[in-house]
Structure formats: structure tokens, C-alpha cells
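# predicted model, plus sequence, below.
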Number of protein chains: 2
Amino acid sequence: MLKTFFVTLTLLLFSWQLSATDSLLVTKQAFEIAEFRTQNGQAISPVRVGWEAYGTLNADKSNVILITHFFSGTSHAAGKYQPDDAIAGYWDAIIGPGKAIDTNKFYVISVDTLVNANVYDPNVITTGPATINPATGKPWGLRFPVVTIADFVEVQRQLLDSLGIDKLHAVIGASMGSFQAIEWAVRYPDRVQRLIPVIGSAYLDAWAAVRLERWAYPIKQDPAWRNGDYYDHGQPLQGLKTAVAYITQDALYPTAFNARFGSPTADKAPHNDILAPFTAWQQLLAQAEQRARLQDANHILYLVRASQLFRAGMGDNWQEALSRVKAKTLFLPASGDQLLLPAMSQQSAAAMPESQVSYAEIPGDWGHLDGVVNISAVADKIAAFLQ
Amino acid sequence: MLKTFFVTLTLLLFSWQLSATDSLLVTKQAFEIAEFRTQNGQAISPVRVGWEAYGTLNADKSNVILITHFFSGTSHAAGKYQPDDAIAGYWDAIIGPGKAIDTNKFYVISVDTLVNANVYDPNVITTGPATINPATGKPWGLRFPVVTIADFVEVQRQLLDSLGIDKLHAVIGASMGSFQAIEWAVRYPDRVQRLIPVIGSAYLDAWAAVRLERWAYPIKQDPAWRNGDYYDHGQPLQGLKTAVAYITQDALYPTAFNARFGSPTADKAPHNDILAPFTAWQQLLAQAEQRARLQDANHILYLVRASQLFRAGMGDNWQEALSRVKAKTLFLPASGDQLLLPAMSQQSAAAMPESQVSYAEIPGDWGHLDGVVNISAVADKIAAFLQ
């Protein structure tokens, strides 16, 4: 009895200490492919991407979970690089020892995509338009090939091959990460045992493709963009920060947005001066500028394009492609998502055998972003699904 | 018995003929105010606006229904100017003899707003930045005062005063028209007996104000805009048509959008050329350009601003302002609306006494635009409410 008490107390103290130190410490690693061939037949020499992992690979390499990241994200899904990092990886609430994606059981791995947005984040390693092309000694710019979600998957596949990993216990990704997760399950049905598309979709329709085009517009309209050849002159920051502001708003339901940005009722100047901006817009733009300073404008254009082109299997019939998936699948849209609507998860699920698919919605005030900031609301569902 | 049969037959033929000739013929009229004083204390000399009416004003002028128009709309709410007009006014499905807003009973009146978008539509009469200011002999441009929804209401009020109309059986408006309708009921609680805000809201929050700012952005970024002084050089058409495209998309739910614009799956060029546009975007832009040719870019900026500034009563507390409304009120949001969400109608309704308010949603695949194209789905509710 007394012994049980002390064990319990020790466990409680341990878990408290774990949360106080913000869990795992992680290290960024690099993976290089000498020559990568894209889906549209172009060569990129070399491709270098960053990756990180949490937990321990077991002897038969059967405990691997791949996390694929969202549009503005990186491979930093959990943990901290340094104990005093201000924030942990974006899904730290569900990845770690004893958490829903339990690193005591699973070896969790995450990879920076090609054309990752955050080129100037020192913890990101990616290859894209901002990368020096060794063949010319200059940044690729728009000479970089159009890359797709399937290309992102192929880079990850080559990394896993190099580690001798050929089975995935699960692939889990949010938003653009859901595209990669689904594409994994379509291209490699025998390698993917479980699939969780979070705030995701198996296709982008005309409506979504046009909405993403609107993210690209301010960049292309900025004279400082110079048709993509701005690397000797500095970034098209006005266009880039505007794009980042649009992306931020489109990921937020009004409730969360209005809680963070000033009410137009309090603004007096816009009633007297047609050009006076609203406080909310200025605040959003200032926040976007901070994030834009780590990003590259051309990379945003390439991420927009990769997302726009996505449909499962990358062919003419995404429903038919989805029917090839063997993985047990759990769709987790966010109820308030106005970017990738729950209806898109529902239509994706409808293309798969009913017995193979489950579905639950993430509640919250954040909309699309509930798939990141409120993921703990479905932690139990994820944990149960991974058993 | 036989007589009843012939009466019925005659009525049937009459109603058939009515629909075959597309109902009412209407005439645009003009109303002028020598000097109009705006909410922010500026003078506009003169203000001229267009208006039209359907039905007959009764002897005690007690049968008047005012229809206030939406952002991209005009006072052409019903009927045709010529029998062979390709289309009738936007709410022709519910305004006319025997329709939900029955012109056999009601005198229905509608007025072009200040800064109406469709300056170059020969059937629109409005005053705004594109108008020649007699004091200078040049277009007002950005020297035109910022005007508000309350200013739109005051112009309408002066027109009604000039006609000797001091009671309104109802005020009904969709979207930006709902703002005007609500402002009428707040400013003149004793004059407005019934209020129907369709796809509307009693306030614009930070989220909505910023979304509307995004409509203004392409215009202001177009070098041809020349800070609003483009009248000697031609319109900033690139910016204007992009703005109109954004407005169109934001008013459409994906189901209706995808039914009208090409699927990205069918597009091959965007996979090989980062700058190649998607067909859906080109189609949307081409459609927008047709509409943009009737519009003025500065007028769009002023309509954006008037909408952004709106909250019932135009003061610091829209809920308190709404509590002054005496009109019986029927909120009619569209279920799929992603621009002025049903939640905004609900929050608006919540600020009024429960006994005074009713609420129903317009179903459909069009989203915000269901308030215009699918208004017949709630025709019975409108008819019953107007009894």
C-alpha cells in the first residue's frame, strides 16, 4: 500500500517535471539525395532536407510513425532543440513519452519538405528556389522545377529507405501534411498501416485552388519580387508579409481572430480618411512580418502550387486512387474550418470502404488552426486509433 | 361551377402570361439633394441617386416597403426596364404581383446607394469618387468624403420625406442591404414597422473588416490606380477585376463555385510552369472583368470602407443601439454563408428582445449568394412575416 503510494507519487512528480522541462530534446539532422527526379521529369541536384525523430527505433523497425507537416510548418513537430526554447514543436501536446503518440512505444520521425517556407529558420533544411543551384552558382529562383505533394513523399520515402524502414505504423499530418499522408497511403498501400489526415482533404477543388492563388497574388504584384529573381536585392517583403497575413486569417475562425485583433469599432481614423488602415489589419500584418522574416517569397509560391495540384494519386481520378489505400484511416477535420472544410474530409472518406474509415471532428474556436493548437481535444481518439 | 372553372382558367393563364413576359416594367427615376452633409461632417453638393418603385402608393402612404441593395447591387430589385431585357431585377422571384412582396398590396421602393459600384451601368445614378465635383470641374477621386451606411440611409430618408412617406411597412435588404435596413430601424424606430436582414449582420467584426480590406488590396496595388486619380488615364482594370473576382468567390460556397469553374485536375500546364494559371482562376477573372467594366475602382474602395465601418447605430455599442429597434424582425442568413456567417445573424438577434425576433436559414449550395439567387426558398416566410 505504502509502496504503491510512493510509486504513484514518483510518477506524478516525474510527469510534472516532464511538463516543467517541456519534454523531449531533439536534434535536427540532414538527409541528402545526390540527384532527385521530380514528378514532372526534372532533376534537382542535390536535394537536402532536415529531419528529426522522437523515441527509439525498435529492432525490427516496426514502430515508426511519420509526421508530415503543414504549409507554414517544419519538421519540428515536438520537443525542443534547447531546454530554454520559448516554444516546443507544434504537436508537442500529443507527441512525447506517455502522450497520444507515445514516444515510449513509437519512433516518430518528421521531415522538412522541399520548398519549405521557413528557409531562414536556422533549424530548417530544405531545397527550393532560394537554394544555390551548384550547376550555376546562383539561387534557382523560378528555374526550380514545380514540385508536388508526391515529390515531398518521394523525398521522405528515400530517407526512410536509407534508414531501412519499410513499414509505417502510421502516417499522420495536418492540412498540407494530410495531403502527404494520404499520398503515402495511395502510393505505398503495403507500407502504410494507419493513416490520420488532420484538417485535411484527398483533393483540392477549383474553389480551394483559387483561394490559394490569392495567397500568391500579393507576392507576384510586388515590384520587388522581380519575377522571382530578387536574391541580389532583398525579399519582396510587402508582398510576402501580406501573403502570410492572408494565410493566417484563412486558417482562423472569426471567434479566435476577433479575440486577438482590435475591434473596428474602436478605430476613428478610417471614418475620416479613406486610406487609414484598421488596427486589426495593422496588427495582423505586423505579426505576419515577424514570420515572413524567416520565409522566402518564392518558396510560398511553390508551396501554393504543390497544394493546388494535389489530389490523391496525382492522376485524373482521386477517388479511384483512394480506393487503393489499405491503411485504416481516421479523418479529423476541425468543425469550424473554413479553409479545408469538414465536407472535404467527408467526401474523401466517402471514397473509401466504410469499414476502413473513421471520422471525428476537432472542436474549438480556431477553425483550421484547431488542427494544430487544439489537437489535444482529440488526443484520446488518436491514442486509441494507434493501438 | 362552370363560372368558377373559367375564373380559375383565366387566373392560370394570366399568371402564366405574367411569368412569360417576366413581370413588371419599371422606370429609373432620379433624386437630387442640393447639399448633403455626411456623418463625418463633410458636404457633398449635390447628391444625385437613382431609384425605382413597383406597385402603387396607397392614399395614406402606409403600404411602403423599402428594399436596400447589396454591395455589388443596384436599386434594380425587380422587373425589367424593357420587355426584352435579358434578366430582371435581382429579387424578381419575390417582388411582383402575387409574389411574396406583393406589389398588388405594397408600394416597393429601392434606391441606388451613394458610391454605388456600377457607375457605368446606364441604369444606375449615384454620387461618389467618379462623379464630377461641380466645385472643381473634376472627379472627386479620393477627395470624396468617407461615407457610411448611415449616410446611405439618410439619402433614402430624404427621398422618402420628399414623397411624403413617413412610415415603412418593412425595410428589407440583403448583405450590405441588411446593414442599411438595420440602421434604418435603429435610427428611426418609430418609422420602421418590420425589418428583414437577409444574409446580414448588425456589426462587422475585425475578421470581416480585414477580409474586406483584402478586396481593396489589388486595386491599391495596381500602379494604374494612381492613388485614385486615374480618371484621365483609364481604370486600374487589373486591380479592379481581381477585386471583383475575390468578391465573387467570397460570396460563393464551394459547391456552387466548383459547378461553374474548371477542375484543377484537368489543368496540365500548372504542373510544368510555376506561373501558368489554373483554368478556374482565368474563368473567374474573365467573368469578373465583364462586371468590372461597369464599375469604378474607387467606388469599390468606398463601399469596402462603408461596410467595414458598419455597426448598428454607428457608435460604440451596437447591442445597445439594436435594443432601440421597435420593428418586428426576421433574420434570414444563408446556411452555407462564409462571408457573413449565420453566427453573425444569431449574435445580432441575441441583442434584441426574444419576442420581437424570428430567425430562419436559407438553404442552398450558393453560400452568401443564396440570399439573392435562392431567395424563393424563404418566400413563404417573407410573405407571412409581412402580413
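That came in fine, so what should we check first?
# just checking, A:Arg305 touches B:Ile274?
Yes: counting by C-beta atoms under 8 Å, B:Ile274 is a contact partner of A:Arg305 at 5.9 Å. For the C-beta atoms, the positions are set from N, CA and C on the backbone; glycine is no exception.
# need the overlap of contacts for these two.
Common neighbours of A:Arg305 and B:Ile274, using C-beta atoms under 8 Å, 6 or more residues apart in numbering or on different chains, are A:Val146.
# of those two, who's got more company?
A:Arg305 (25 against 21; other C-beta atoms under 10 Å in any protein chain shown).
# distance of the more buried one from A:Val357?
From A:Arg305 across to A:Val357, the span is 29 Å (C-beta to C-beta, to the nearest Å).
# next one: A:Tyr302
Distance from A:Tyr302 to A:Val357, by C-beta to C-beta: 31 Å.
# residues contacting the residue nearest in space to the middle of chain A?
Centroid-nearest residue in chain A, with C-alpha atoms, centre = their mean: A:Phe70, separated by 1.4 Å. Contacts for A:Phe70 (C-beta under 8 Å, 6+ apart) come out as A:90, A:173-177, A:371-372.
# now with 7 Å?
Neighbouring residues of A:Phe70 by C-beta atoms under 7 Å, 6 or more residues apart in numbering or on different chains: A:174-177.
# farthest pair in those residues?
Spatially, the most separated pair among the contacts of A:Phe70 is A:Ala174 and A:Met176, at 8.0 Å (C-beta to C-beta).
# so between the two, which is more surrounded?
For A:Ala174 versus A:Met176, the count of surrounding residues by other C-beta under 10 Å is larger for A:Ala174: 31 against 24.
# right, and that one touches A:Asn374 too?
No: taking contacts as C-beta atoms under 7 Å, A:Ala174 lies outside contact range of A:Asn374: 11.2 Å.
# low-confidence ranges in the stretch 151-300 of chain A?
The stretch 151-300 of chain A contains no residues with pLDDT under 70.
# so which bits of it are right by chain B?
Contacts of the stretch 151-300 of chain A with chain B, taken as C-beta under 7 Å from any C-beta of the partner chain, map to A:204-207, A:209-210, A:213-214, A:217-218, A:221, A:242, A:246, A:249, A:254, A:257-258, A:261-265, A:270-272, A:274, A:278, A:280-281, A:284.
# which residue packs closest to A:Asn58, ignoring adjacent ones?
A:Tyr107 (7.0 Å; C-beta to C-beta, 6 or more residues apart in numbering or on different chains).
# isn't that neighbour up against A:Leu57?
Yes: the pair A:Tyr107 / A:Leu57 is scored as a contact, 4.2 Å apart, by C-beta under 7 Å.
# please enumerate the shared neighbours of these two.
With C-beta under 7 Å, 6+ apart, A:Tyr107 and A:Leu57 have common neighbours A:63-64.
# the two: who's more crowded?
A:Tyr107 (20 against 16).
# distance of that one from B:Ala208?
Counting by C-beta to C-beta, the separation of A:Tyr107 from B:Ala208 is 46 Å.
# separation between A:Asp232 and chain B?
20 Å (C-beta to the nearest C-beta, to the nearest Å).
# give me the three-state assignment for A:Thr255.
helix (DSSP: H, G, I helix; E, B strand; the rest coil).
# ok, it - contacts?
A:Asp365.
# and if we set it to 10 Å?
Contacts here follow C-beta atoms under 10 Å, 6 or more residues apart in numbering or on different chains; on that basis A:Thr255 touches A:336, A:364-367, B:205, B:207, B:343.
# which phi and psi does the residue nearest to A:Gln308 when sequence neighbours are not counted have?
Among residues not flanking A:Gln308 along the chain, A:Ala209 sits closest, at 4.3 Å (C-beta to C-beta, 6+ apart). With angles defined as degrees, to the nearest 10, A:Ala209 sits at phi -60, psi -40.
# and the helices in the stretch 151-300 of chain A?
Per DSSP state H, counting those that start in this stretch, the stretch 151-300 of chain A carries helices over the ranges A:176-187, A:206-221, A:237-250, A:254-260, A:279-292, A:297-308.
# run a quick neighbour tally on A:Pro189.
Based on other C-beta under 10 Å, the number of other residues close to A:Pro189 is 12.
# so what's it closest to, chain neighbours aside?
In space, A:Pro189 is closest to A:Lys326, 4.3 Å off (C-beta to C-beta, 6+ apart).
# also A:Leu275?
The shortest distance from A:Leu275 to any non-neighbouring residue, by C-beta to C-beta, 6+ apart, is to B:Leu142 (7.2 Å).
# surely the one you found is within a strand?
No: looking at B:Leu142 with three-state DSSP, it is helix, so not inside a strand.
# can you get me a residue count around it?
16.
# how about the one 5 residues further on?
Applying other C-beta under 10 Å, we find 29 residues neighbouring B:Val147.
# around chain B, pick out the residues from the stretch 1-150 of chain A.
Within the stretch 1-150 of chain A, the residues that sit near chain B (C-beta under 10 Å from any C-beta of the partner chain) are A:38-42, A:129, A:141-148.
# picking that back up, got a list of what the residue nearest to A:Gln308 touches?
Going by C-beta under 10 Å, 6+ apart, the list of residues near A:Ala209 reads A:304-305, A:307-310, B:258, B:261-265, B:267, B:270, B:278-281.
# can you map out the strands along chain A?
For chain A, the strands defined by DSSP state E occupy A:29-33, A:36-37, A:43-44, A:47-54, A:64-68, A:95-96, A:101-102, A:107-111, A:132-133, A:138-139, A:170-174, A:194-198, A:328-331, A:357-359.
# identify all contacting residues around the last one.
Contacting residues not belonging to strand A:357-359 are listed as A:195-196, A:322, A:325, A:327-333, A:342, A:345-346, A:348-351, A:381, A:384-385 [C-beta under 10 Å, 6+ apart].
# so who does A:Tyr107 touch?
A:53-58, A:61-66, A:163, A:165, A:169.
# and the two most separated of these?
Counting by C-beta to C-beta, the most remote pair of those is A:Tyr54 and A:Ser62, 16.7 Å apart.
# just the buried ones out of the contacts of A:Thr255, please.
The neighbour count (16 or more other C-beta atoms under 10 Å in any protein chain shown) marks A:336, A:364-367, B:205, B:207 as buried among the contacts of A:Thr255.
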